[in-house]
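Chemist: got a sequence here, can you build the structure:
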Amino acid sequence: MWGQSSEDGTTYDATVHPNVVDPHTFFDKGGDLWMMYGSYSGGIFILAMDPDTGFPFPDQGYGKRVMGGNHSRIEGPYVLYHPDTDYYYMYLSYGGLDAAGGYNQRVVRSKNPDGPYYDSQGNDMIEVMADPNLPLFDDRSIEPYGVKLIGNFLFQKVSDEPHSGMEHGYVSPGHNSAYYDNATGKQFLIFHTRFPGKGEAHEIRVHQMFMNQDDWPVVAPYRYAGESLDDVATGDVIGDYRFINHGKDISADIKESTLIRLQEDNTITGSVQGQWEKVDGNRVELTIDGLMYDGVFIRQWDETSKSVVMTFTALSEEGVAIWGSNTKEVLVQTVD
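Modeler: Numbering: from 1, shown residues only. Got it, this is the predicted structure:
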């Protein structure tokens, strides 16, 4: 399109006009049809659609820009309304999808399908774009914004574990869809991912998500295997965990797990220090380095150990996700 006439009558400029890919059509809670689309280039845009024809209503041009621009690496928007929170959640991928691209999944939310969309720190996403004074694909300008749910990680094997299996991790997980099951109330993140040490080979993964107390989704550390969010006993969550902090960066580096322990006295020891508390049946609050993370405990199937283990997934107000995976099998499932 370089040099050609654009929808708004000006000459097409890829720093301000969209790359027309990655469309997602969805109905809002009132039954109106929308299409969210865009990748790199001028940002993410949304159009009001005519459900009778499948075409956009006239005189919208490219539609309304909701975020991105100046060739920032933000793509693949997918919007999912959650009836319990009354928010529209826009799931996105930042970075590049190849093994060295640092692809990672983020989410922002709005009370309206066409925005404005905000992250957990209250940043209006319309302001999020690459710095036009820097070279193309400036990731540093955009990485502080949006709630980062999952990026490159590796759960490392612990020396005294009884099983001998491959370590578990993902590289450049992204380009997701999302699904809410009205019958069960379960919600899922569906995406492709590469794997540590396996180059560009990629597969599809499905992980369950849960809403924390601030109505932000947290992603289960392991792929979905039929688990449900049940109450857990305090005694079952005490122990040693592989710990991942997903951070906010866009990087090809793989975040390798370290070991922490949730102690009986509610302290956290090991590679990080802090406090933890189980609230009600399955909620967890963890305070690490002065930051509070809110999420859930969930029993999950660990493919490497071929056993059910206790995990936690939680999110900070700064939009940083942390995961924990207990190094021991859950032998007896009890509740307080």
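Chemist: and for residue 59, the neighbour number?
Modeler: 5 (other C-beta atoms under 10 Å). The way it works is simple: take the backbone N, C-alpha and C, and place the C-beta from them, glycine included.
Chemist: how much space separates it from residue 7?
Modeler: From residue 59 across to residue 7, the span is 10 Å (C-beta to C-beta, to the nearest Å).
Chemist: helices along the stretch 101-250 of the chain, start to end?
Modeler: 234-237 (DSSP state H, counting those that start in this stretch).
Chemist: what about residue 211, how many residues nearby?
Modeler: By the measure other C-beta under 10 Å, the count of residues near residue 211 is 18.
Chemist: who touches it in this structure?
Modeler: 82, 84-85, 187, 217-218 (C-beta atoms under 8 Å, 6 or more residues apart in numbering).
Chemist: what do you get for residue 94?
Modeler: 73-74, 102-104, 106, 139, 142-143, 146, 148, 174, 250.
Chemist: could you do residue 93 as well?
Modeler: 74-76, 103-106, 174-176.
Chemist: tell me the pLDDT at the residue lying closest to residue 136 once chain neighbours are set aside?
Modeler: With sequence-adjacent residues excluded and distances taken as C-beta to C-beta, 6 or more residues apart in numbering, residue 136 is closest to residue 71, at 4.6 Å. Looking at residue 71, its pLDDT is 92.
Chemist: touching, residue 71 and residue 43? I think so.
Modeler: No - with contact defined as C-beta atoms under 8 Å, residue 71 does not count as touching residue 43 (9.6 Å).
Chemist: distance to residue 13 and neighbour count for the contacts of residue 94 - can I get that in CSV?
Modeler: Formatted as CSV, those follow (distance: C-beta to C-beta, whole Å; neighbours: other C-beta atoms under 10 Å):
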residue, distance to residue 13, neighbour count
73, 18, 23
74, 17, 28
102, 26, 23
103, 26, 30
104, 28, 28
106, 26, 28
139, 21, 19
142, 19, 25
143, 24, 22
146, 24, 28
148, 29, 24
174, 26, 26
250, 24, 22
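Chemist: what's the closest of those to residue 260?
Modeler: For those, the residue nearest residue 260 by C-beta to C-beta is residue 148; the value is 19.9 Å.
Chemist: one step back: more neighbours: residue 71 and residue 43, which one.
Modeler: residue 43 (29 against 21).
Chemist: avg pLDDT for stretch 269-276?
Modeler: 97.
Chemist: what's the end-to-end length of it?
Modeler: One end of stretch 269-276 to the other measures 10 Å (C-alpha to C-alpha, to the nearest Å).
Chemist: check the offset of that stretch from the chain's centre.
Modeler: Remark: stretch 269-276 is offset 24 Å from the chain centroid, using C-alpha atoms, centre = their mean, to the nearest Å.
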